[in-house]
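Asks: Need a 3D model of the sequence below.
(one chain, ligands or ions: 2)
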Amino acid sequence: MSDALIRILPDHLANQIAAGEVVQRPDSVVKELVENAIDAGATSITVVVREAGKQLIHVIDDGKGMVREDLELSIVRHATSKIASDQDLHAIRTLGFRGEALASIAAVADLEVRSRRIGQDVGYQLISRPGTPAEIRPGGGDVGTQVLVRNLFYNVPARRKFLKSDLTEFRHISETMQRMALARPDLRFTFYDADTLVFDVRPAELRRRMQDLLKVRSQDLVSVEGGDRDVAVEGFVGLPSVARQSRSGQYFFLNGRPISSRSLGHAVISAYEHLLDAGQHPLFVLHITVDPQRVDVNVHPQKHEVKFEDERSIYLLVQHAVTSALQQHNVIPSFLADVPLAERPLQSLPRHGNEPPTVVNRLTGEIQTGHLASGVPPLRSRGSDVRAVTPAEQRGIDALFGREETDAGEALHVGRQYILTTSAEGLVVIDQHAAHERILFEQAMRRSNEGDRGGQALLFAVDVRLSPSHVAILREYLDELTALGFRVEITSKGPIEIHAVPIDVQPGNEQQTLDAILQSLEEAGRLPREQRRERVAAAFAARQAIRRGQPLTASEMRALIQDLFSCKVPQLTPHGLPTYVVIPIDELTQRFR
Ligand code: ADP
Ligand code: MG
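Replies: Ligands and ions are numbered 1, 2, ... in the order given. Sure, this is the predicted structure:
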């Protein structure tokens, strides 16, 4: 007998070890089996689990099925029908390709696969127990495949012990089912927990499927369409009002495959800048389609993380697609609304009396004012490139600022809270406090971005006494508060001295204003540096905005309307609440029926 110690592991042991990578919990089995069903071209997939999948996972599909030889090979490791060559590996079009899932499952559970190939009269049944050779016998059944996984991990007690409570494991499965169903709205998914139906969703548009599964209303979803020659970005994002406290409603799919990508997540969130509070997470389902040659999916056995050859350009495409979707969703009437943003970035703002017309560049957020009658100053964008208004733009602007529209400058005050005005679309109802909050927020952000530290210097410094926790916050946010216009001296002993305040602060209100801001910052908790300036501006705006109930003169209302629609994001407060609603003429008509 030789002294050599190394030997090749028997297959069933090798598979059991490999299974640790592919099958970590019941949910991984569900994912692999559903992916196989999708790869087999199924149009309808049913999943039944018992005891969170520990007792049974049963997946039924109406895909193309397997012949006897396929069935035999299906549970052999590295046996796959999905790739055959090196080239295939670099252009994966299926969800599976490693040929590991069934082999791994067979190593850690009792496995039964029933399958009948399309065009065949008989089907076959494979029965396998860990460590013993599989049996195959003829069996009946419909075209398609059924996989039954029983007693998962019963031969690997360490793993079984490692599982979380049934509740937690079931939540994972349920999340996976939801993700798959959002990945492929064109397929029917039926999902049972033992005998209880969890969901049954029929083939539909993505919008409909999101309504069914994520419990959002259609009107809270904004359609996203973007991309370039090689990449398409499509799907829906939720309005800020349906943002969640967690990332639970965020889904990315790449060529139909669920992926996670921190960088793309950030691309979406950055489009919501100013629209969400810290701790709020936008809802989205975005499908990215690229040429498989341009992505590498062979990264992780679970295949969640995907590497892009050109990460940066995909980031920008996603960010741009979401940003323009949110901008275009501006409910304010616009003759530009149905024209792609990049083609027609200029949007005219409502105008009153003899005021010069104002146009906002929706790409840059820049506001441009000036008479645009023929031959008058061209629109200038920041930076060097100067560009004249095209005749088509001029026509659009004239149409909006034509006689008809200038008359629509009347504003009514309702309940000392709402300003009523009209637009081509219908009745516009503006919440005075919310609108003013938006205006002050953008002004404050602009001041702080431009590093305008002006503020108004006080003739006599105001001494204030703050609680120790407010003093700590003051120190933490000193830079941001200074950028806003405050100049504050924190003496080691004694009171804190305010030497300057932002221009809108009324004399005598210095201490209350500072207090209110510090209070709001305290409630916000710790924030990453990049969110602090916004948070300070939002707190300031909320404090300074005119209250509901405050009387307004006609010219104050006009100024408020003008300022609101000069904002980059006129429709929402910094906290994501609406600043105004439009009651469309159609709806009025309905009400009179
Ligand atoms: P992979 O999906 O990576 O190819 P699997 O172990 O998941 O590896 O499956 C092995 C093979 O078994 C697949 O390539 C496919 O040919 C076949 N197969 C598995 N599940 C099904 C199914 N539901 N319908 C048809 N064929 C299937
Ligand atoms: Mg597979």
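
Asks: who in the stretch 101-250 of the chain is up against ligand 1?
Replies: Within reach of ligand 1 by Cβ under 6 Å from any ligand atom, the stretch 101-250 of the chain has these residues: Ala101, Leu102, Ala103, Thr145. Heads up, the C-betas are built off the backbone N, CA and C, glycines and all.

Asks: residues in contact with the residue nearest to the last one when sequence neighbours are not counted?
Replies: Read that as Thr145. The shortest distance from Thr145 to any non-neighbouring residue, by Cβ to Cβ, 6 or more residues apart in numbering, is to Ser115 (4.2 Å). By Cβ atoms under 8 Å, 6 or more residues apart in numbering, Ser115 lies in contact with Gly65, Met66, Asp70, Leu71, Gly123, Tyr124, Leu126, Gly141, Gly144, Thr145, Gln146.

Asks: and those residues as JSON lines, adding secondary structure?
Replies: Listed next are the contacts of Ser115 as JSON lines, based on DSSP: H, G, I helix; E, B strand; the rest coil:
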{"residue": "Gly65", "secondary structure": "coil"}
{"residue": "Met66", "secondary structure": "coil"}
{"residue": "Asp70", "secondary structure": "helix"}
{"residue": "Leu71", "secondary structure": "helix"}
{"residue": "Gly123", "secondary structure": "strand"}
{"residue": "Tyr124", "secondary structure": "strand"}
{"residue": "Leu126", "secondary structure": "strand"}
{"residue": "Gly141", "secondary structure": "coil"}
{"residue": "Gly144", "secondary structure": "strand"}
{"residue": "Thr145", "secondary structure": "strand"}
{"residue": "Gln146", "secondary structure": "strand"}
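
Asks: which one of those residues has the most neighbours?
Replies: Within the contacts of Ser115, most neighbours by other Cβ atoms under 10 Å means Thr145, with 28 neighbours.

Asks: List the contacts of that one.
Replies: Contacts of Thr145 by Cβ under 8 Å, 6+ apart are Asn36, Ala37, Ala40, Ile60, Asp61, Gly63, Gly65, Met66, Val113, Arg114, Ser115.

Asks: quick one: contacts for the closest residue to the third one other than its chain neighbours?
Replies: On the basis of Cβ to Cβ, 6+ apart, the spatially nearest residue to Ala40 that is not a chain neighbour turns out to be Gly63, at 2.9 Å. Residues in contact with Gly63, defined by Cβ under 8 Å, 6+ apart, are Ala37, Ile38, Asp39, Ala40, Gly41, Ala42, Gly144, Thr145.

Asks: Now with 6 Å, please.
Replies: Gly63 sits next to Ala37, Ala40, Gly41, Ala42, Gly144 when contact means Cβ atoms under 6 Å, 6 or more residues apart in numbering.

Asks: Quick check: buried residues in the helix or strand containing the residue nearest to Thr145?
Replies: Here Ser115, judged by DSSP states H and E, is contained in strand 110-116. Buried residues in strand 110-116, counted by 16 or more other Cβ atoms under 10 Å: Asp110, Leu111, Glu112, Val113, Arg114, Ser115, Arg116.

Asks: how about TSV for the residues you listed, with distance to Gly131 and pLDDT added?
Replies: Output for the buried residues of strand 110-116, formatted as TSV (distance: Cβ to Cβ, whole Å; pLDDT from 0 to 100):
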residue	distance to Gly131	pLDDT
Asp110	11	97
Leu111	12	97
Glu112	16	97
Val113	18	97
Arg114	22	97
Ser115	23	97
Arg116	28	96
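
Asks: of those, closest to ligand 2?
Replies: Val113 (12.3 Å; Cβ to the ion).

Asks: shouldn't that closest one be in contact with Ile127?
Replies: No - Val113 sits out of contact with Ile127 when judged by Cβ atoms under 6 Å, with a separation of 8.4 Å.

Asks: contacting residues for the residue of the chain found nearest ligand 2?
Replies: Closest to ligand 2 within the chain is Gly96: 2.7 Å, counting by Cβ to the ion. With contact taken as Cβ under 6 Å, 6+ apart, Gly96 is in contact with Glu35, Asp39, Lys82.

Asks: State the phi and psi torsions of the nearest residue to the second one once chain neighbours are set aside.
Replies: Translated: Asp39. In space, and not counting its chain neighbours, Asp39 is closest to Thr94: 4.6 Å by Cβ to Cβ, 6+ apart. Main-chain dihedrals, Thr94, degrees, to the nearest 10: phi -110, psi 170.

Asks: Mind picking the two most distant members of the contacts of Gly63?
Replies: Gly41 and Gly144 (9.6 Å; Cβ to Cβ).

Asks: what residue ranges in the stretch 351-500 of the chain score low on pLDDT?
Replies: Residues of the stretch 351-500 of the chain meeting the criterion pLDDT under 70: 351-409, 451-454.

Asks: Same question for the chain.
Replies: 1, 89-92, 274, 294-310, 330-409, 451-454.

Asks: what residues does it put near ligand 1?
Replies: Counting by Cβ under 6 Å from any ligand atom, the chain sits next to ligand 1 at 32, 36-37, 40, 61, 63, 65-66, 70, 74, 80-82, 96-103, 145.

Asks: Which members of those are positioned in helices?
Replies: Residues of the residues of the chain next to ligand 1 located in helices (DSSP state H): Glu32, Asn36, Ala37, Asp70, Ser74, Ala101, Leu102, Ala103.

Asks: which of those lies closest to Ser469?
Replies: Closest to Ser469, out of all of those and judged by Cβ to Cβ, is Glu32, at 51.7 Å.

Asks: For that closest one, give me its contacts.
Replies: With contact set as Cβ under 6 Å, 6+ apart, Glu32 has these partners: Ala101.

Asks: let's see it at 10 Å
Replies: 22-23, 57, 59, 95-96, 98, 100-102, 104-105, 147, 149, 302-303 (Cβ atoms under 10 Å, 6 or more residues apart in numbering).

Asks: that's a strand at Asp463, yeah?
Replies: Yes - counting by three-state DSSP, Asp463 falls inside a strand.

Asks: What is the burial count for it?
Replies: By other Cβ under 10 Å, neighbour count at Asp463 equals 12.
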